[in-house]
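Asks: need the 3D shape of this:
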Amino acid sequence: MHAIIPVAGKGTRMRPLTWSTPKVLIRLAGNTMLGHILDELIAAGVDHVTLIVGYLGEEVVRWTRENYSGLKLDHMVQERMDGLASAISLADPVTDDSPTLVVLGDTLFSADLSSAVSSGRNMIAVRKVEDPRRFGVVLMDGDRVSRLVEKPQEFLSDLAIVGIYVFRSGRKLMRAATRLIGTGRKTRGEFQLTDAMQIMLDEGEDFGVFQVEGWYDCGKPETILSTNRILLEMGRGRTSARMRDSVMIPPVSIHPEAEIVSSVIGPHTSIASGCRIEGSVISDSIIGRGTTVNGAVLEGSILGDDVSVTGRPARLNAGSSCEIEI
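Replies: Numbers count the residues shown, from 1 in each chain. Just a heads-up that it's a prediction; the model follows:
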């Protein structure tokens with residue numbers, strides 16, 4: 001089964017981390033954002049993935065090839081940021097008439113994708129929200145979607161679209177997206193996927209919805225930390241590491257190639273490979289690959305790869321290859 005994952009965004013709200021690291025490769029709970037998504041897709045039967053890349057796209061493709069070599073992988077470059085329908089349409093050359101999933105690259109979720117796929121219908125993942133003005137929403141007629149509206153400013157429905165879609169035919173999706181772009185019709189300045197799906201609805205395609213069990217925001221540093229906490233509580237990640245004279249307070253995720261000396265780690269902390277933590281206390285934080293922390297107390301911090309921290313208690317948000325004395 002084929003899945004299309006748009007990952008071209010710059011992640012500006014995550015700077016400085018995203019100056020040097022693609023947003024979808026930020027780590028939490030023992031994997032990257034993209035890795036968590038791929039694990040869910042593979043469990044649902046996906047074996048072919050198309051990445052729609054842009055900013056730092058070569059890094060995203062390289063990481064995916066190295067870590068998910070069993071997948072058939074191809075990628076398309078999105079040069080203009082003119083909407084999700086436009087991004088999806090780039091996968092036209094590698095999309096056939098078989099079922100196709102579309103999953104946004106910055107949306108972590110817990111959902112029964114297998115049941116949605118086996119339903120034999122086009123399916124849209126939804127979740128009830130208090131303020132639907134920030135989301136695309138679905139309007140229902142019984143168990144069928146009757147209408148899709150992007151970010152309505154007056155109340156129409158509280159069923160928000162969460163960025164996971166199952167299409168019975170990838171070709172029909174591509175035709176609808178291409179037709180939308182051909183008309184030049186944009187909503188809020190972009191070619192919206194909801195408008196392409198509305199074309200499919202108007203042509204008689206059947207759409208249903210399925211509720212997601214969990215929908216986790218990864219748009220800002222504070223929400224990344226919140227999602228890290230949730231995933232660790234769910235048992236994601238690993239807890240093996242080289243620890244000496246140290247205390248681990250679960251839940252944590254510590255890579256086997258990390259080294260922890262005379263430190264207290266946790267709770268809700270993720271530490272990547274190649275890290276060395278000595279004489280430090282770290283909680284509610286995410287520590288990137290190859291980072292060293294010596295004699296520091298960190299809480300609510302996100303450190304990128306190859307960062308060096310020496311000093312006293314702090315709350316940090318630092319991109320890759322930094323050296324910090326506090």
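Asks: so the closest residue to Ser157 other than its chain neighbours, which of the three states?
Replies: Residue nearest to Ser157 in three dimensions, not counting chain neighbours: Val137, with 4.3 Å by Cβ to Cβ, 6 or more residues apart in numbering. Yep, even glycine has a C-beta here, placed from its N, CA and C like the rest. Counting by DSSP: H, G, I helix; E, B strand; the rest coil, the backbone at Val137 sits in strand.
Asks: distance of Val137 relative to Leu148?
Replies: Computed as Cβ to Cβ, to the nearest Å, the Val137 to Leu148 distance reads 7 Å.
Asks: what's the overlap in contacts for these two?
Replies: Residues touching both Val137 and Leu148 (Cβ atoms under 8 Å, 6 or more residues apart in numbering) are Ile161.
Asks: surely Gln78 is in contact with Pro6?
Replies: Yes. Contact criterion Cβ atoms under 8 Å: Gln78 and Pro6 qualify, at 7.4 Å.
Asks: which residues in the stretch 201-326 of the chain form helices?
Replies: All helices of the stretch 201-326 of the chain, identified by DSSP state H, counting those that start in this stretch, fall at 221-233.
Asks: just grab the bridge partners of the residue nearest to Ser157 for me.
Replies: Here Val137 sits in beta bridges with Val149, Ala160, as judged by DSSP bridges.
Asks: what sits against it?
Replies: Val137 sits next to 148-149, 152, 156-161 when contact means Cβ under 8 Å, 6+ apart.
Asks: which of these are buried?
Replies: Burial by neighbour count, 16 or more other Cβ atoms under 10 Å: within the contacts of Val137 this picks out 148-149, 157, 159-161.
Asks: can I get the residues you listed in CSV with distance to Pro99?
Replies: Compiled in CSV, the buried ones among the contacts of Val137 are given as follows (distance: Cβ to Cβ, whole Å):
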residue, distance to Pro99
Leu148, 20
Val149, 25
Ser157, 26
Leu159, 23
Ala160, 23
Ile161, 19
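Asks: which of the residues you listed sits closest to Leu56?
Replies: Distance to Leu56 across these (Cβ to Cβ) is lowest for Ile161, with 26.7 Å.
Asks: what sits closest to that closest one if chain neighbours are left out?
Replies: The spatially closest residue to Ile161, leaving aside those adjacent along the chain, is Gly136, at 4.1 Å (Cβ to Cβ, 6+ apart).
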